[in-house]
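Student: Below: sequence and its predicted model.
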Amino acid sequence: MSGGLRVPETVGGARILAFGDYQPARVVTNDDLAAAVDTNDEWIRSRVGIAERRIAGDDEGIVELGVHAGGKALAGSGLDPSDIDLVILATCSAETPMPAHAAIVAHRLGIHAPGAFDLNAACAGFCYALGTASAAIRSGTARNVLVIGSEKMSQWIDWTDRSTCIIFADGAGAAVVTASETPGIGPVVWGSAGDQSDKIAIADRHSFIRQEGQAVFRWATSAIAPVALEACERAGVRPEELAAVVPHQANLRIIEAIARKVKATNAVVADDIVHSGNTSGASIPLAMSRMIERGDVPSGAPALLVGFGAGLAYAAQVIQIP
Ligand code: UT7
């Protein structure tokens, strides 16, 4: 052997063929929660922007939610399960740490022997997974990737804690990513602030999600817009060219603050939180899938995705809407 090892041929770019989404059937309203803890519909709507959320039953976990969303994305992509060679499942709320849920989801969807792993970057997880999928494709390591964000936050919530039980919810979103000479996924801008990892955390296996709401709020409304703007800059897209801005659905006030700072004057801003709550790593593909399904955004136009949350981790990229 001389001159080093053989490596795959690189590909010009990657693009998204289709999104999919899934939410459990059970709707939990603010009034339902007000019957259990000291809160009210007006406080939740004005401080967080949530009117209702979906909560999964005992028969639906990370795998089931992911199978529904992944199956829908796969059907919309026109690809066959046998075309998928990598499955990445972003989650921070799995029931168990192993085995990887991605492998089980792949098996249930009839995807034979793909590379499969779970990825945890909390609420930024989908953007991290999409960046990883795009890099795998461009390096020639994978050809078609199923990327899923699946969260069952309800199993890590203290239902007597009004500061968290009104926020988080369950759901899944997915995207099928393929090789493309014309790039449809811009460079990912990602990072983390581990010095603030105590701001949102589950302390141990017997604990629930706790967060320092105001500290996270200040961070999200100050540190994230520059990340989003850098993603636009690196993709060569001006904010006014964006057709959609899809921030992680953490809090409607945070979403509006980021959108104002990005100055995407012609974009539809995702507000899926109103009816879905905060589904962590699922919120971005869930919101994007529903915007496309409703016909809110034109195919081929650029959309900005920006995730942020526990870690504190963040990631953003511009995509071409499928
Ligand atoms: O997805 C991961 C990333 N996470 C985030 O981005 C979350 C960022 N933070 C937030 O979205 C907000 O900080 C929260 C929604 C978590 C809280 O909203 P806030 O406007 O920051 O409220 P606060 O924590 O400052 O609380 C204000 C008051 C307090 O009462 P006092 O001390 O002023 O008497 C709370 O005890 O509101 C009270 N409060 C509530 N009242 C009614 C807290 N939760 C509730 C509630 N209903 N559910």
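Tutor: Now that the structure is in, tell me what you want to look at. Numbers count the residues shown, from 1 in each chain.
Student: What is the neighbour count of the closest residue to the ligand within the stretch 201-322 of the chain?
Tutor: Ranking the residues of the stretch 201-322 of the chain by distance to the ligand (CB to the nearest ligand atom) places Gly213 first, at 2.8 Å. Placement of C-beta: from N, CA and C, glycine included. Applying other CB atoms under 10 Å, we find 16 other residues in the vicinity of Gly213.
Student: Look up the closest residue to it, ignoring the ones flanking it.
Tutor: Nearest residue to Gly213, sequence neighbours excluded (CB to CB, 6 or more residues apart in numbering): Ser163, at 6.2 Å.
Student: The one you found: which element?
Tutor: Per DSSP states H and E: Ser163 is located in helix 162-165.
Student: pLDDT averaged over that helix - what is it?
Tutor: Averaging pLDDT along helix 162-165 gives 96.
Student: Likewise for stretch 268-284?
Tutor: 98.
Student: CA atoms of it as PDB?
Tutor: Extracted in PDB, the C-alpha atoms of stretch 268-284 (Å, rounded to 0.1, in the frame of the first residue of the first chain):
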ATOM      1  CA  VAL A 268     -43.500  32.800   7.400                       C
ATOM      2  CA  VAL A 269     -42.400  32.200  11.000                       C
ATOM      3  CA  ALA A 270     -43.300  28.800  12.400                       C
ATOM      4  CA  ASP A 271     -45.700  29.000  15.400                       C
ATOM      5  CA  ASP A 272     -46.500  25.400  15.800                       C
ATOM      6  CA  ILE A 273     -45.900  25.700  19.500                       C
ATOM      7  CA  VAL A 274     -49.500  27.000  19.900                       C
ATOM      8  CA  HIS A 275     -51.000  23.600  19.200                       C
ATOM      9  CA  SER A 276     -48.000  21.300  19.800                       C
ATOM     10  CA  GLY A 277     -46.200  22.600  22.800                       C
ATOM     11  CA  ASN A 278     -42.400  22.200  23.100                       C
ATOM     12  CA  THR A 279     -41.500  18.900  21.600                       C
ATOM     13  CA  SER A 280     -37.700  19.500  22.000                       C
ATOM     14  CA  GLY A 281     -35.700  17.800  19.200                       C
ATOM     15  CA  ALA A 282     -38.900  17.000  17.300                       C
ATOM     16  CA  SER A 283     -40.300  20.500  17.100                       C
ATOM     17  CA  ILE A 284     -38.400  21.800  14.000                       C
END
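Student: buried set for that stretch?
Tutor: 268-273, 276-284 (16 or more other CB atoms under 10 Å).
Student: now, which of those lie within helices?
Tutor: Judged by DSSP state H, helices contain the following of these: 273, 276, 283-284.
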